[in-house]
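Asks: Predicted model and sequence follow; I will ask about them next.
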Amino acid sequence: MSVHFEKQIDQLRRQLLTLGSMVEDHVMLAIRAAEEQNRDLAQEAVDRDDDVDAMQMEIAEESLHLVALFQPVASDLRFVITVQTVINELERIGDQAHDIGQGVLRLLDSGAHFDLPPLLQRSKEASVEMLRQSLDALLDRDASKARAIIAADDKVDELHRSMYDWFKNGARQRPDDLDWMMEMLTISRHVERIADHATNIAETVVYLVEGEMVRRGGDRAP
């Protein structure tokens, strides 16, 4: 491939890493808003989604232009396909951060004073770490790290399922707090989806490095 093509690939890589950093910051902002019951942070988490969407569209257009212009093959084509997949996952993670911000605003508008349930705290920490590790795996092209992320998704799924038990028990014991607990359950779902999208990124890293499509749990896709 030409020197110009290599420069375009490098530019695409830098844009992808920039978007990844933006989305990680977006998630952390939304989580802080929930932890601190902070209206300004929650509103910023809602508003910032537009920036993520704009960056995702810019990268998508650039990668399509690159394919049309240079018609890459083999590993170069895999990288471009990876970029398309990862930016879609990152955009969806941004959507989850946006929705968490909206949930915090609803809670604050209701006058509720709340703390994140311990289960949700653990789920949040695990999901954020999965997101970070998935981006590191992408940067390092580390398939082993990516497979570890895929396996870690089960933990977050289990924590989210346990939140339903927390909700049912709380609804029986404190029916006046039903709306607050329902919002916590919804936020838990958004956090669990962040882990799902991080897992999808990890699966894409395995494809980039090994040329093998995997599904959750590390099995070979049929």
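Replies: Done, it's in. Residues are numbered from 1 along each chain as shown.
Asks: mind checking pLDDT for the residue nearest to T82 when sequence neighbours are not counted?
Replies: The shortest distance from T82 to any residue that is not its chain neighbour, by C-beta to C-beta, 6 or more residues apart in numbering, is 4.4 Å, and that residue is L208. (C-beta placed from N, C-alpha, C; glycine too.) In this model, L208 is scored at 90, pLDDT.
Asks: And the helix or strand encompassing L208, what does it pack against?
Replies: For L208, the enclosing helix or strand under DSSP states H and E is helix 178-210. If you count contacts as 3 or more C-beta pairs under 8 Å, 6 or more residues apart in numbering; DSSP states H and E, helix 178-210 packs onto helix 74-109, helix 118-140, helix 143-173, strand 214-215.
Asks: rerun at 10 Å
Replies: Counting by 3 or more C-beta pairs under 10 Å, 6 or more residues apart in numbering; DSSP states H and E, the packing neighbours recorded for helix 178-210 are helix 3-36, helix 74-109, helix 118-140, helix 143-173, strand 214-215.
Asks: So what's the gap between that helix and the chain middle?
Replies: Averaged C-alpha coordinates place helix 178-210 at 6 Å from its chain's average position (C-alpha atoms, centre = their mean, to the nearest Å).
Asks: next one: stretch 149-162
Replies: Centroid separation between stretch 149-162 and its chain, computed with C-alpha atoms, centre = their mean, is 14 Å.
Asks: Having no further points to raise, I will conclude here.
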